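S.K.: please work out how this folds:
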Amino acid sequence: MILFCEYVIPETHRDEFDKWFRTDAIRWNGVEILENTGQPGVFVEIRRCGSAAEAAEKEKERREGRSWVEMEQWIKGGKDGLRIWTFRPLEISE
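M.R.: Alright, predicted model coming up:
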């Protein structure tokens, strides 16, 4: 399973976000973070999860964890601008 987080950091907050982003590598442990090349400032985080329960736990921490609260001030739309989805793989059979 994959936990997928998406948000926009407007240009006006980019420097603050960049400084914050680079200060705590442990926060990003196990996270792949990417920026949209066609729409700078649009970010996605990808977290691999072994089960639906683990995905739900990671989503809860991502939404409510104190390590992320500071970031909400830079997200377009604040806390409501953070979108999180869990994707599960589909079995393909012939």
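
S.K.: low-confidence stretches in this protein?
M.R.: 67 (pLDDT under 70).

S.K.: ok, residue 21 - contacts?
M.R.: The neighbours of residue 21, taking CB atoms under 8 Å, 6 or more residues apart in numbering as the test, are 28, 33. Every C-beta, even on glycine, is put in place using the N, C-alpha and C of the backbone.

S.K.: my error: substitute residue 76 in the last question.
M.R.: By CB under 8 Å, 6+ apart, the neighbours of residue 76 are 7, 8, 9, 10.

S.K.: please apply the same query to residue 49.
M.R.: Residue 49 neighbours (CB under 8 Å, 6+ apart): 1, 2, 3, 55, 58, 86.

S.K.: run the last query once more with 10 Å
M.R.: Residues near residue 49 by CB atoms under 10 Å, 6 or more residues apart in numbering: 1, 2, 3, 30, 55, 56, 57, 58, 59, 86, 87, 88.

S.K.: quick check: residue 66 vs residue 72, distance?
M.R.: To residue 72, residue 66 is 11 Å away according to CB to CB, to the nearest Å.

S.K.: now swap in residue 45 and tell me
M.R.: Taken as CB to CB, the span from residue 45 to residue 72 is 14 Å.
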